[in-house]
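Colleague: From the sequence below, what's the structure:
(chains A and B)
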Protein chains: 2
Amino acid sequence: MGEKGISQAVIRRMPRYYRYLGELLDSGVERISSNDLSHRMKVTASQIRQDLNNFGGFGQQGYGYNVKYLHDEIGKILGLNQRHNMIVIGAGNLGQSLANYEKFERLGFVITAMFDVREELRGTKIRGIEIHMLDALEDYCTKNQVDIAALTMPKERADAIANRLVKLGIHAIWNFAHVDLDLVDEDVVVENVHLSDSLMSLSYNIANKQKIRENKI
Amino acid sequence: MGEKGISQAVIRRMPRYYRYLGELLDSGVERISSNDLSHRMKVTASQIRQDLNNFGGFGQQGYGYNVKYLHDEIGKILGLNQRHNMIVIGAGNLGQSLANYEKFERLGFVITAMFDVREELRGTKIRGIEIHMLDALEDYCTKNQVDIAALTMPKERADAIANRLVKLGIHAIWNFAHVDLDLVDEDVVVENVHLSDSLMSLSYNIANKQKIRENKI
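Modeller: Below is the predicted model:
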C-alpha cells in the first residue's frame, strides 16, 4: 500500500490530528481549512498537508477538510475501527490507573483482564476488570482473544513475561517497564512508555534553557 | 554553547544512552567500543558517534568509551547533576504510581508534595509524601523550591492549573493530562506523556503489520 515507508515521526503526529479533530467534532465544527487547523495545532499548514498526503490527502483545494470525514479516515489509518482487547500485566498503581482510564475504551482499547503475582489481589476488580494470578496467563490467553498486553511490572521480569506473551500469540506490547525488551520474535510491535526517559528529556530542556538564559545575561 | 541547535530526536536518544551506560556500570564494564555499544543498543555505531559529537564527542579512536566518564558526562548534559524538586498535581492512581517510583529519586527527581481536591485524601501520605489540598498550592510553592510540576488530573482542569503554576514561577511541566497545554507564558518547558496517543501509535503499527502480512500472502 506504500504505507511501509512512512516515518515514525509522521505516525506519531497522527494521534494528535485525531485528537484535535475529535475536539472540533465535539464542538460542532464541520469543516476546517488547513490554515485554521495549523493555527490550532501550532504546526505549519504545509506540514499538515505533507503528513496527510502520505495517506493520499483528504482535502480539497480552497475548500478545506471535512472534519468528520478526516477524523474517521485518520481513525481507520490508526486502526481505531477495530476493537483491541488488552490485558495488563502488573496490577500496581500504574496498572490500576490504566484500568481506570475510560478514555481508552472509547478508542476501542478494552482492558479485559489484569494479572499480578500478589495473592492478596486475587479476584479483586478494578472498574469491573478482574485481577488474575499470573500463573493463569496461559489459560486465559488460550480461551480469550488478546490483542495487546500492557507491561507494568518491574523491569527484571519484563523480558521473561514478554517472551511468554509472544509465545501465546500476542504480537503487540505496550511496555511501561523501564527496559528495552529483548524479544526472541522480531515480528512483535512494541510501544515503549519510558517515564524516566521522559523525565530526563524534560530535565535536559530545563538545563538547556538555563544555559541559554545565562548566556544572554 | 552551540547546543541550541540540537534536534529533539537526538535529545530523546540521550536518556537511552544514559540508561544503557548505567546498566554497563552496574555490571562492572569499564570500557566499551562504539561497536559493542551499538550492538547492545541496536543502533548503528555511526549514529552513536554522530549523536555524541553533538556534545563534543567523548571517545578516543580505537580505544572506545570510558563507561563511567561517558555516563557522568551524559548525566550532566541531561541536567542530572542537579536535584529537581517535583510536585504532583492529582493524587489518583497515576499520581500515586509516580510517587511510588523510587527510581526517579535516584535520578535526582524528588517528589516533595502531592495535591488533590478530594477532601478524603487530605494529609494522606504516599511513601512519606504528603497529599495537600489544591488550595494550599500557592502557599506551598511560595515556601518551597519547586522545579517541576507533574500534572495527572483531568484534562478539563489542566490549562487553568498549568497557568497557575507558571504564575508561581514553575517553568517545567510534566504533563500527563490528555491535552496539549495552552500556556500564557511561552518560556515554559513542557514534556507530554500522552498515553492515548501512544496507544494509537501502537494500534497503527499493528494495523500496518497486518496489512503487510496480508499483501505478502
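
Colleague: rest of the way, CA atoms for contacts and neighbours
Modeller: Noted.

Colleague: Any stretches of chain A with poor pLDDT?
Modeller: Residues of chain A meeting the criterion pLDDT under 70: A:1-4, A:60-61, A:216-217.

Colleague: residues from it in reach of chain B?
Modeller: Counting by Cα under 8 Å from any Cα of the partner chain, the positions of chain A adjacent to chain B are A:3-4, A:11-12, A:15-16, A:77-80, A:92-94, A:96-97, A:103-104, A:172, A:174, A:189-191, A:193, A:196-208, A:212.

Colleague: and residue A:198, how many residues sit next to it?
Modeller: Using other Cα atoms under 10 Å in any protein chain shown, the number of residues around residue A:198 comes to 17.

Colleague: Repeat that for residue A:130.
Modeller: Residue A:130 has 18 neighbours, counted by other Cα under 10 Å.

Colleague: That one should be in a strand, yeah?
Modeller: Yes - under DSSP: H, G, I helix; E, B strand; the rest coil, residue A:130 sits within a strand.

Colleague: if we can go back for a sec, quick one, which of the residues of chain A next to chain B are buried?
Modeller: A:11-12, A:15-16, A:77-80, A:92-94, A:96-97, A:104, A:172, A:174, A:189-191, A:193, A:196-208 (16 or more other Cα atoms under 10 Å in any protein chain shown).

Colleague: For residue A:183, which residues are in contact?
Modeller: Neighbour list for residue A:183: A:159, A:162-163 [criterion: Cα atoms under 8 Å, 6 or more residues apart in numbering or on different chains].

Colleague: helix, strand or coil for it?
Modeller: With three-state DSSP as the basis, the three-state label of residue A:183 is coil.

Colleague: Next step: the contacts of residue A:183 restricted to strands.
Modeller: Using DSSP state E, the subset of those located in strands is empty.

Colleague: Parallel or antiparallel, list what pairs with the lengthiest strand in chain A.
Modeller: The residue-count maximum for a strand in chain A (DSSP E) belongs to strand A:109-116. Applying DSSP bridges, strand A:109-116 is found paired with strand A:84-89 (parallel), strand A:129-133 (parallel).

Colleague: And the contacts of it?
Modeller: Identification of contacts with strand A:109-116 by Cα under 8 Å, 6+ apart yields A:83-91, A:95, A:99, A:104-105, A:122, A:129-134, A:137.

Colleague: Mind giving me the ChimeraX select for those residues, buried ones only?
Modeller: Paste this into ChimeraX to select the buried members of the contacts of strand A:109-116, with burial taken from 16+ other Cα under 10 Å:
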select /A:84,85,86,87,88,89,90,91,95,99,104,129,130,131,132,133,134,137
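
Colleague: count of residues packed around residue A:139?
Modeller: 10.

Colleague: For it, which three-state class applies?
Modeller: Assignment for residue A:139 (three-state DSSP): helix.

Colleague: Next one: it relative to residue A:151, how far apart?
Modeller: 18 Å (Cα to Cα, to the nearest Å).
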